[in-house]
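1. Return a 3D structure for these sequence lines:
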Amino acid sequence: MRPTRIFKGESFRFAALFALVFLTLTGVLIGTVLWIVAGTERNTLIAANEADVSTVTNGLHAEGLGEALEVVQQRLGTPANTMTLRHHFAPDSYMVIEDANGKVLAGNLPFVQCTAGIFRLSLPPTGGHHHPRIVLGSCTPLTAAATLFVGRDTVALSATRERILHAFGWVALGTCAFAILGGLFLGRRFMAQVDAITQTCERVIAGRLNERIPIRGRADEWDRLARAINEMLDRISTLLENLQQVSSDVAHDLRTPLTRLRNRLEAAREKSTGVVDYSAAITHAIEDTDQLLSMFSALLRISQIEAGTRAQTFAMVDITALLERVYQLYLPLAEDCRHPLARTLHQDLHIRGDHELLTQLFSNLVENALHHTPAGTNIRIVLQAVQGEPVASVIDDGPGVPAEDLEKVTRRFYRGSASRSAEGHGLGLALVAAIAQLHGARLQLANAMPGLRVDVAFAPVTNSRSS
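-> Prediction:
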């Protein structure tokens, strides 16, 4: 795997972005910590200076200027005659008392040019240091002729700042290294998964429709993506198989009516001798044409239903009232065909769906039972609630369907051996299956011993009330 692919990957970009965010936040944190530490240590130095000033002024008030000079020497640990800067030990505390003429009376500093408030004093490097030493201090008038300067070296503050910067520098360096390594690792894993998906898709494009993306069993986002793509490929494969089957079935089923139409027209041209013969030939041709148009209309309706556009118009449907209307609609026809038709309907069951398509579904089931069973066959329309699910059934006690044909009768143009001589084009149950799938319903065909039982189980919507 080429490294450039990893660097261009989203996972590496995310790792770099997170590293940048972390470094930015680290910089903000460093600035905050330095500000807090600098403020704290500065306040500490000022407090120490104020304590020294208080000690010296107490001595001054107790015994006069001489005592103040003695206190300064004691605080600095230097003899009374030492009035110049001590270069050999680099003290942290600096004190000096000077008169109005700039003469140093006591302390470890030369003359200090005092300014108002707290100020910084720069001293020459000592003790092996290469940078000037910064003293933070202030001046306090003792008498009309004497001024006290007290200060503290800020070397500890600088050292603390350097330690903090070094610590955060190592943290930032480690973060960058970890982000790069993590980005490379995640990038390799990411690209490996992408390659697996890409290779599978390329094999599918090449015609190997049975190829599927391997699922690792970790239940992570990759497994969810692989499962979704596999389900999509399964659906595409099923649609392609259906398309191939439909193409073959259409070609096969159109051949007979078209051949019959051509033969009749040819016979009319060669054998007809008058208006009556031509009229009969035209009538038969129109009947064959109507059969073809009916077949194409049914195919178009199935395609529209399978496209799912009608699902956008779904509304609440009283399935009990719908089945009652279907029963009342087909009751006269059933009586004419000598088929006893009955219904047992659970009251107040509702589903979400398309009223027109659902009527078409159950009308097809009732018509299928009327046309493919002998006279005297009992037909029942049943609606019940099974574990909260509305289940509508059309049941007859006719000859039924062979077990090997139960899974095939919902295919387009499929006609069992017992119904090949009957009128129709084998699309009625295919339309039923398409409508049921659009509504998310389970369609199940089973032998009723005797007869056929077709169950359509819908998802529950509202609570039901038995009657």
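2. What is the neighbour count of Glu270?
-> A count of neighbours around Glu270, defined by other C-beta atoms under 10 Å, yields 7. (Glycine included, C-beta is placed from N, CA and C.)
3. Check the one 10 residues further on too.
-> Look at Ala280: counted by other C-beta under 10 Å, it has 13 neighbours.
4. what sits up against stretch 281-293?
-> Stretch 281-293 has contacts (C-beta atoms under 8 Å, 6 or more residues apart in numbering) with 254, 257-258, 260-261, 264-265, 267-268, 272, 425.
5. 7 Å - rerun?
-> Residues outside stretch 281-293 that contact it (C-beta atoms under 7 Å, 6 or more residues apart in numbering): 257, 260-261, 264-265, 268, 272.
6. buried set for that stretch?
-> For stretch 281-293, a neighbour-count test (16 or more other C-beta atoms under 10 Å) marks 281, 284-285, 288, 291 as buried.
7. For the buried ones among the contacts of stretch 281-293, write the corresponding ChimeraX selection.
-> Applying 16+ other C-beta under 10 Å to those leaves a buried subset, and the ChimeraX line that selects it is:
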select :257,261,264,268
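8. can you give me the mean pLDDT across stretch 275-295?
-> Average pLDDT, stretch 275-295: 80.
9. tell me the SS of Ser279?
-> Per DSSP: H, G, I helix; E, B strand; the rest coil, the local secondary structure of Ser279 is helix.
10. any weak-confidence spans in the stretch 151-300 of the chain?
-> In the predicted model of the stretch 151-300 of the chain, residues 183, 187, 245-253 satisfy pLDDT under 70.
11. Tell me where it has helices.
-> Applying DSSP state H, counting those that start in this stretch to the stretch 151-300 of the chain gives helices spanning 155-205, 221-271, 275-307.
12. can I get these in JSON lines with distance to Arg75?
-> Shown next, in JSON lines, are the helices of the stretch 151-300 of the chain (distance: least, C-beta to C-beta, whole Å):
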{"stretch": "helix 155-205", "distance to Arg75": "18"}
{"stretch": "helix 221-271", "distance to Arg75": "70"}
{"stretch": "helix 275-307", "distance to Arg75": "96"}
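13. Tell me which of those helices lies nearest to Ile215.
-> Closest to Ile215 of the helices of the stretch 151-300 of the chain is helix 221-271 (C-beta to C-beta; 5.1 Å).
14. and the angle for that closest one with helix 155-205?
-> Put simply, helix 221-271 runs at 20 degrees to helix 155-205, going by axes from the mean of the first three to the mean of the last three C-alpha atoms, to 10 degrees.
15. quick one, helix 221-271 and helix 275-307 angle?
-> Interaxial angle of helix 221-271 relative to helix 275-307 (the same axes, to 10 degrees): 180 degrees.
16. Tell me how far helix 221-271 lies from the chain's centre.
-> Once both centres are worked out by C-alpha atoms, centre = their mean, to the nearest Å, helix 221-271 turns out to sit 37 Å from its chain's centre.
17. and if you look at stretch 262-274?
-> Put simply, stretch 262-274 sits 68 Å off its chain's centre (C-alpha atoms, centre = their mean).
18. before we move on, what about stretch 202-215?
-> On the basis of C-alpha atoms, centre = their mean, stretch 202-215 sits 25 Å off its chain's mean C-alpha point.
19. Give me the buried positions along that stretch.
-> For stretch 202-215, a neighbour-count test (16+ other C-beta under 10 Å) marks 204, 211-213 as buried.
20. about what we covered before: now, which of the buried residues of stretch 281-293 sits nearest Gly117?
-> Nearest to Gly117 among these: Gln291, at 109.4 Å, using C-beta to C-beta.
21. residues touching the most centrally placed residue in the chain, list them.
-> With the centre of the chain defined as its mean C-alpha position, the nearest residue by C-alpha atoms, centre = their mean is Glu221, 8.7 Å away. If a contact means C-beta under 7 Å, 6+ apart, then Glu221 has no contacts.
22. first vs last residue of stretch 101-111, how far apart are they?
-> 10 Å (C-alpha to C-alpha, to the nearest Å).
23. Relative to Cys139, which of the buried residues of stretch 281-293 is nearest.
-> Gln291 (117.3 Å).
24. what about that closest one, distance to Ile305?
-> 21 Å (C-beta to C-beta, to the nearest Å).
25. And for stretch 208-220, what's in contact with it?
-> Counting by C-beta under 7 Å, 6+ apart, 196-197, 200, 203-204, 222-223, 226-227, 229-230, 233, 237, 240 sit against stretch 208-220.
26. ok, of those residues, which come out buried?
-> Buried by 16+ other C-beta under 10 Å: 200, 204, 222, 226, 229-230, 233, out of these.
27. Can you classify Val401 by secondary structure?
-> Assigned with three-state DSSP, Val401 falls in the coil class.
28. Spatially nearest residue to it, not counting backbone neighbours?
-> Nearest residue to Val401, sequence neighbours excluded (C-beta to C-beta, 6 or more residues apart in numbering): Leu452, at 5.4 Å.
29. Would you mind giving me the confidence score for the one you found?
-> Leu452 is assigned 92 on the pLDDT scale.
30. Now do the contacts for it.
-> Shown in contact with Leu452 (C-beta under 7 Å, 6+ apart): 396, 398, 400-401, 445.
31. and the gap between Glu367 and Val326?
-> Distance, Glu367 to Val326, by C-beta to C-beta: 10 Å.
32. Please identify which of those two sits among more neighbours.
-> Shown here are Glu367 and Val326; by other C-beta under 10 Å, Val326 has more neighbours (22 against 15).
33. so where does the more buried one fall, helix or strand?
-> Val326 belongs to helix 319-336 when elements are defined using DSSP states H and E.
34. what packs against that helix?
-> Under the contact criterion of 3 or more C-beta pairs under 7 Å, 6 or more residues apart in numbering; DSSP states H and E, helix 319-336 touches strand 341-345, helix 355-371, strand 379-386, strand 389-396.
35. out of these, nearest to Ala48?
-> strand 389-396 (84.0 Å).
36. Outside of that closest one itself, list whatever touches it.
-> Defining contact as C-beta under 7 Å, 6+ apart, one finds that strand 389-396 is touched by 319, 323, 349, 351, 362, 365-366, 369, 373, 377-384, 448, 451-460.
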